[in-house]
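> Predicted model, plus sequence, below.
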Amino acid sequence: MSARRRGVASALAPALAVGVLAALTPALTTPAYAGRSGPAPMVPAEGALDQYTRQKAVWKACPDDVAAETCATIKVPLDYRAPGGKKIDIALSRIETSAPGKRVGSLLLNPGGPGGSGLSMPFALGFAMPEHVTALYDLIGFDPRGVGRSTPVTCGTTAAERKSDPNAGVDFARDEANAKKIADKCRKKSGSLVPHITTANTARDLDIVRAVLGDRKLNYIGYSYGTYLGAVYTQLFPGNAGRMVLDSAADPALMWRGTFQAMAGEAERAYARWTVWAAARHSTYRLGDTPAKVSRTFRGLVADADREPVVMGREKLRGNGIRIKTAFRFATVKEASKVVARLRTAAATGKPGPALPDFFGASTDNQLGAYYSIVCNDTRSWPRDPKTYRKDVARDRVAYPLYGDLGSAITPCAYWDRGREPEVRIDNRVKALITQNEWDSQTPLSSARGLNRALKGSVLVQVAGGEGHGVYPAAGEKVACADQKVNEYLVSGRLPAKNTICAPPVGTQRTAPLSGTAPLVRTR
């Protein structure tokens, strides 16, 4: 990486404002919708969006906490059915190409979430990408509508309301009341904004960003939820999609409740694999020298914690808390073994062990509000009757001893106002490159295969034995097979000839700058 990129934190002169020539700007294409219910959405009249696509982005020095060279704010319509109405802000960040003569276009970056801020991604991702790739693009970060420095959703939730209770799950009435409280607060605080915070509207915003930047095509890297955002873009604007990299993929056919429920079986599968790995390393972790013994150790730990909670940091974990704290960790076998060994030591000695980071919960009111706005508005798959959740919770606790009711628990979506447009069904032949670890704790391999089926022009690059959430770019002296495929695609625009399975590189670790927002915000 050039010294110029490493010096992002230094004071930089504001870049010239970027103008857009109407003759070079493709019109926003007519969206393609496929919904199961609800009124047909209105398509803006020809020219109705010109005031947005022809605006100029005025680039200035970024705030101190944004790792990019320059930042700008543009306007988009709150409601695309009424583009002449209220406008909202979309915050952008940029690191320009170090070789303007080689510039292919802009490369937009999304960290996932939903609810994740992407303003610092140009530096975080650009620092790890090879210079011959980054030289081709202006790297563009953005906060999606409703998030961060874009016009934000607020719900007025307290820190206590946002914090997940790892020992919850036995008091359905309390869970139900908390879910309703959050929905009511978001409606009260941001009722005019919340209905318009959807993945489809964010995709429409991206097409305005593309036009403002003067690009014929949208080049894009999206992680986790960002893969769904990218897929929705390809469906709504197939003619404007450029080089699309979708890393750690969500299955669009399962959005959203089905996404979380599908994790249950995958977690149990990862757990079974972990018991084999830990048994082979009994001399290190002392959890049992056969898979059966390792499993008995863990399940005994869970059962004992219901009688005598295990203290980790400041938390007293009962059995359900231990399951919640470990369910997403078993796909990463070494980390899981360390965590279970620490839990066992704390239980045996009665002394507090080190605190375990929580996979659930949003750290800010804005993250929580943006998360639920997207998850609840996007689909019609959320039951409205609490009895349905109660039944599903009881079923899953039996069917999935490890994962339990995490995927079926009641959420604020049960009390959310219905979305204002039909769901977007992904079914097209736009070209895209999907990258996926075999053992991803949050978007499992089956999800990537689902996206590969929906995007019929896509190619899936799978890392055999790969662990963790995020594939590209990998760290280490040797460039991973998946990295090579992504880099070649970003340079040439040509996809691999067919789906590929890569062996994991020895001694490398993923460094993909994923969002800190969990894929499932537990409302307990």
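Yep, that arrived. Residues are numbered from 1 along each chain as shown.
> unless I'm mixing things up, Val66 is touching Leu119, no?
Yes - Val66 lies in contact with Leu119 (Cβ atoms under 8 Å); the separation is 4.7 Å. Any C-beta I mention is one placed from the backbone N, CA and C, and that applies to glycine too.
> Mutual contacts of those two, please.
Ser93 (Cβ atoms under 8 Å, 6 or more residues apart in numbering).
> of the two, who's got more company?
Leu119 (27 against 22; other Cβ atoms under 10 Å).
> Break down the chain into its strands, ranges please.
Counting by DSSP state E, one finds strands in the chain at the ranges 60-61, 70-77, 87-95, 105-110, 137-143, 218-223, 241-247, 310-312, 315-317, 428-439, 455-467, 500-502.
> Confidence-wise, which of these is weakest overall?
Per-stretch mean pLDDT for these is lowest at strand 315-317 (a mean of 92).
> How far away from the center of its chain is that strand?
Using Cα atoms, centre = their mean, to the nearest Å, the mean C-alpha position of strand 315-317 is found 28 Å from that of the whole chain.
> hmm, back to that, can I get the strands of the chain in CSV with mean neighbour count and distance to Ile197?
CSV is the format used below for these (neighbours: other Cβ atoms under 10 Å; distance: least, Cβ to Cβ, whole Å):
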stretch, mean neighbour count, distance to Ile197
strand 60-61, 15, 26
strand 70-77, 21, 12
strand 87-95, 23, 10
strand 105-110, 26, 15
strand 137-143, 26, 12
strand 218-223, 27, 17
strand 241-247, 26, 21
strand 310-312, 21, 35
strand 315-317, 20, 32
strand 428-439, 23, 24
strand 455-467, 20, 24
strand 500-502, 16, 36
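> Kindly reformat those as CSV containing distance to Arg273.
Converted to CSV, the strands of the chain look like this (distance: least, Cβ to Cβ, whole Å):
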stretch, distance to Arg273
strand 60-61, 49
strand 70-77, 44
strand 87-95, 39
strand 105-110, 30
strand 137-143, 36
strand 218-223, 24
strand 241-247, 22
strand 310-312, 24
strand 315-317, 24
strand 428-439, 7
strand 455-467, 10
strand 500-502, 17
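> Out of those, which gets nearest to Ala394?
strand 315-317 (22.6 Å; Cβ to Cβ).
> quick one: strands adjacent to that closest one?
Its sheet considered, strand 315-317 pairs with strand 310-312 (antiparallel) by DSSP bridges.
> Give me the contacts around the strand it pairs with.
Strand 310-312 is contacted by residues 301, 316-317, 322, 325, 342-343, 346-347, 351-356 when judged by Cβ under 8 Å, 6+ apart.
> I'd like the distance between Leu433 and Leu213.
21 Å (Cβ to Cβ, to the nearest Å).
> quick one on the thing from earlier: can you tell which of the strands of the chain is closest to Phe123?
strand 87-95 (6.5 Å).
> pLDDT weak spots in this structure?
Residue ranges of the chain with pLDDT under 70: 1-44, 164-170, 359-362, 475-479, 505-524.
> Could you check what's spatially nearest to the residue nearest to the spatial centre of it, not counting adjacent residues?
Computing the C-alpha centroid of the chain and ranking residues by Cα atoms, centre = their mean puts Gly112 first, at 2.6 Å. Among residues not flanking Gly112 along the chain, Ser224 sits closest, at 3.2 Å (Cβ to Cβ, 6 or more residues apart in numbering).
> So that neighbour sits against Gln442, correct?
Yes - look at Ser224 against Gln442 with Cβ under 8 Å: they come within range, at 6.6 Å.
> higher neighbour count, these two?
More crowded of Ser224 and Gln442, by other Cβ under 10 Å: Ser224, with 29 against 23.
> Identify, by residue count, the longest helix of this structure.
Of all segments of type helix in the chain, defined using DSSP state H, the longest is helix 257-279.
> Could you check the angle that helix makes with strand 455-467?
30 degrees (axes from the mean of the first three to the mean of the last three Cα atoms, to 10 degrees).
> could you check the angle strand 428-439 makes with helix 257-279?
30 degrees.
> in helix 257-279, what counts as buried?
For helix 257-279, a neighbour-count test (16 or more other Cβ atoms under 10 Å) marks 257, 259-264, 266-271, 274-275, 277-279 as buried.
> for the contacts of strand 310-312, which one is nearest Arg149?
Closest approach between these and Arg149, by Cβ to Cβ: Ala355, at 30.4 Å.
> Tell me who's in contact with the nearest residue to the closest one once chain neighbours are set aside.
Distances taken as Cβ to Cβ, 6+ apart put Gly313 closest to Ala355, at 2.5 Å, once the chain neighbours are dropped. Residues in contact with Gly313 (Cβ under 8 Å, 6+ apart) are Pro352, Gly353, Pro354, Ala355, Leu356.
> got it, and Ala99?
Taking Cβ under 8 Å, 6+ apart as the test, what Ala99 contacts is Ala135, Leu136.
> Please report how far Arg395 lies from Tyr389.
From Arg395 over to Tyr389 (counting by Cβ to Cβ), the distance is 11 Å.
> ugh, typo on my part, it should be Asp138
Distance, Asp138 to Tyr389, using Cβ to Cβ: 46 Å.
> Check Arg299 too.
Distance, Arg299 to Tyr389, by Cβ to Cβ: 26 Å.
> So which of the two has more stuff around it?
Tyr389 (23 against 14).
> contacting residues around the nearest residue to that one once chain neighbours are set aside?
Excluding its sequence neighbours, the residue lying closest to Tyr389 (Cβ to Cβ, 6+ apart) is Ile410, at 4.0 Å. The neighbours of Ile410, taking Cβ under 8 Å, 6+ apart as the test, are Phe172, Asp175, Glu176, Ala179, Pro386, Tyr389, Arg390, Val393, Thr523.
> Neighbours of Gly191, how many?
10.
> Start the count at 598 instead of 1 going forward.
Right, with 598 as the first residue, what we last looked at is Gly788.
> tell me the phi and psi of it?
phi -60, psi -30 (degrees, to the nearest 10).
> how close does it get to Gly1090?
The value you get for Gly788 to Gly1090, if Cβ to Cβ is used, is 44 Å.
> One more: Val990?
Relative to Gly1090, and taking Cβ to Cβ, Val990 is found at 47 Å.
> So these two - more neighbours on which side?
The neighbour comparison of Val990 against Gly1090 (other Cβ under 10 Å) goes to Val990, with 19 against 13.
> residue contacts, the residue lying closest to that one once chain neighbours are set aside?
In space, and not counting its chain neighbours, Val990 is closest to Asp1002: 4.1 Å by Cβ to Cβ, 6+ apart. Counting by Cβ under 8 Å, 6+ apart, Asp1002 touches Gly766, Asp989, Val990, Asp993, Arg994.
> Who wins on neighbours among these?
Highest neighbour count within the contacts of Asp1002: Gly766, with 23 neighbours (other Cβ under 10 Å).
> Asp962 is in contact with Gly712, correct?
No - between Gly712 and Asp962 there is no contact under Cβ under 8 Å: 10.7 Å.
> Good, wrapping up.
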